[in-house]
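**Student:** Structure for the following, please:
(one chain, ligands or ions: 2)
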Amino acid sequence: MTTKVTARIYQGTPRNLAMLAKKLQVGELIGVPSETVYGLAADALNPTACRKIFKAKGRPTTDPLIVHLHHIKQLAAIAQVNPTALALAKAFWPGALTLILRKQSCVPDIVTSGLDSVAVRIPQHPLFRKLLKIAAIPLAAPSANPFGYVSPTTAEHVRDNLGNRIRYILDGGASKIGLESTIIDARDANKLRLLRPGAITPEQIESTLGMAVKSVHSRATSGSQVAPGMLSQHYSPRAKVVLHSVLSLDATSQSPDEARLYFAQPTGKPTIHTYWLDSSGNPQRAAHNLFAQLRMLDEKGYSILHAEKAPDGPYAAAINDRLERAAAKT
Ligand code: TXA
Ligand code: MG
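**Tutor:** Ligands and ions are numbered 1, 2, ... in the order given. Coordinates of the predicted model:
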């Protein structure tokens, strides 16, 4: 792997979009913006192209990819649809919801890690949508980070991490949500299972569909994985993360090697080596800032991050899931 940066960041002009769509059609990889996090996209029906994704990320091929579509009318060609899945799709797409469904035979094994199910999502980001429309192919895209590292929420994050492994990045600004999509296993129309918490909550799904969602996501170890890719250690910055329900100053040392990451700006505390997700503790903004803050603290060279968990409320499950995974690093 060369260290030379080959990636260029492209603005979403009609001309660039047409060029990038062509690149996708001939099997190239593109870093793409989404409302959740940036993805690394390839033609989902081209196994050679999809294999490049695993190589660029250093991702084991046992961890399957999400297939992104432009329109719900493409869904039946990729996955076996049931009435519950359709109701979910109609309620939450385009948006930050990924559905696990039985796959159709056209989906290559490399995309699903040989499983008979496939993950599908229709994203909301306008530029990603334009690219999907012009390319007119389904796009397989995991988050555009090296395997195990924090997901990227800007084009620059993608270039920083994968700049020597890919050539094209589409700039769509900072990802609005900043956390990966909610994943729901909807293979069984009578039993929905939450595999990964995100901005769309089980409560929202339950109130929309009038159907319970069973939470099966867990910080499983590799031995007892509930679903592919649900490894406990994930989204980890280089620094060791120590989690605190309430971050008190006494719980941390004053070493210049250690940073404190509060949920909201603390009052009456020393400001040195002290950071927060959002000054007023707004959960949506905290979620939006989480990954960028973890990256920034890595760049500052801290070796220990004392992070405060999100208090109960919107986004708490998703934020704390990511923090717990970051802290699970051994
Ligand atoms: O927000 C998102 O979901 C972003 C954007 C780019 O769409 N993508 C993303 O992809 O987070 P990735 O690959 O980082 O996470 C997808 C997760 C992985 O944990 C993978 O194991 C799981 O989805 N997954 C994919 N296919 C699956 C399947 N058939 N069954 C169970 N889990 C699956
Ligand atoms: Mg990922």
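**Student:** is ligand 1 contacted by stretch 58-76?
**Tutor:** Yes - residues of stretch 58-76 contacting ligand 1 under CB under 6 Å from any ligand atom: Asp63, Pro64, Leu65, Ile66. (C-beta placed from N, C-alpha, C; glycine too.)
**Student:** any idea what the second one is structurally, helix, strand or coil?
**Tutor:** Assigned with DSSP: H, G, I helix; E, B strand; the rest coil, Pro64 falls in the coil class.
**Student:** Kindly list the main-chain dihedrals of the residue nearest to it when sequence neighbours are not counted?
**Tutor:** Computed as CB to CB, 6 or more residues apart in numbering, the closest residue to Pro64 that is not its neighbour in sequence is Ser113, at 4.2 Å. Ser113 adopts backbone torsions of phi 60, psi 30, taken as degrees, to the nearest 10.
**Student:** name the helices or strands packed onto the longest helix along the chain?
**Tutor:** The single longest helix within the chain, with elements called by DSSP state H, is helix 283-299. Counting contacts by 3 or more CB pairs under 8 Å, 6 or more residues apart in numbering; DSSP states H and E, helix 283-299 is packed against helix 155-162, strand 258-264, strand 274-278, helix 316-327.
**Student:** May I have that helix exported as CSV, CA atoms only?
**Tutor:** Output in CSV follows, covering the C-alpha atoms of helix 283-299 (Å, rounded to 0.1, in the frame of the first residue of the first chain):
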residue,chain,number,x,y,z
PRO,A,283,-28.6,15.3,22.0
GLN,A,284,-29.0,15.7,18.2
ARG,A,285,-26.0,18.0,18.0
ALA,A,286,-24.0,15.8,20.4
ALA,A,287,-24.6,12.8,18.1
HIS,A,288,-23.6,14.9,15.1
ASN,A,289,-20.3,15.9,16.8
LEU,A,290,-19.4,12.6,18.4
PHE,A,291,-17.2,11.0,15.7
ALA,A,292,-15.5,14.3,14.7
GLN,A,293,-14.7,14.9,18.4
LEU,A,294,-13.1,11.4,18.8
ARG,A,295,-11.0,12.0,15.7
MET,A,296,-10.0,15.5,16.9
LEU,A,297,-8.8,14.1,20.2
ASP,A,298,-6.8,11.4,18.5
GLU,A,299,-5.2,14.1,16.4
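**Student:** what residues are up against the nearest residue to Pro283 once chain neighbours are set aside?
**Tutor:** Leaving aside its sequence neighbours, Pro283 sits nearest to Tyr315 (CB to CB, 6+ apart; 4.1 Å). When contacts are counted by CB atoms under 8 Å, 6 or more residues apart in numbering, Tyr315 touches Leu179, Ala199, Pro283, Gln284, Ala286, Ala287.
**Student:** Those residues, buried ones only, as a PyMOL selection?
**Tutor:** Of the contacts of Tyr315, the buried ones go into a single PyMOL selection, burial set by 16 or more other CB atoms under 10 Å:
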select buried, resi 179+199+283+286+287
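**Student:** can you tell me which helix or strand the residue nearest to the spatial centre of the chain belongs to?
**Tutor:** Nearest to the mean C-alpha position of the chain, counting by CA atoms, centre = their mean, stands Glu180 at 3.0 Å. For Glu180, there is no helix or strand it lies in under DSSP states H and E.
**Student:** Could you tell me what pLDDT the model assigned to it?
**Tutor:** At Glu180, the predicted lDDT confidence score is 98.
**Student:** and it, what does it touch?
**Tutor:** Glu180 makes contact with Thr36, Val37, Ser143, Ser151, Arg196, Gly198 under the criterion CB under 8 Å, 6+ apart.
**Student:** Please repeat the previous calculation with a cut-off of 6 Å.
**Tutor:** Applying CB atoms under 6 Å, 6 or more residues apart in numbering to Glu180 gives the contacts Thr36, Val37.
**Student:** What distance do you get for it to Ala91?
**Tutor:** 19 Å (CB to CB, to the nearest Å).
**Student:** my guess is Gln124 meets Trp93, correct?
**Tutor:** No - Gln124 sits out of contact with Trp93 when judged by CB atoms under 6 Å, with a separation of 8.2 Å.
**Student:** Residues of this structure that sit close to ligand 1?
**Tutor:** So far as CB under 6 Å from any ligand atom goes, the chain lies against ligand 1 at 34, 36-37, 39, 63-66, 98, 100, 112, 115, 117-119, 121, 141-143, 180-181, 183, 195, 227-230.
**Student:** From those, list just the buried residues.
**Tutor:** 34, 36-37, 39, 63-66, 98, 100, 112, 115, 117-119, 121, 141-143, 180-181, 183, 195, 227-230.
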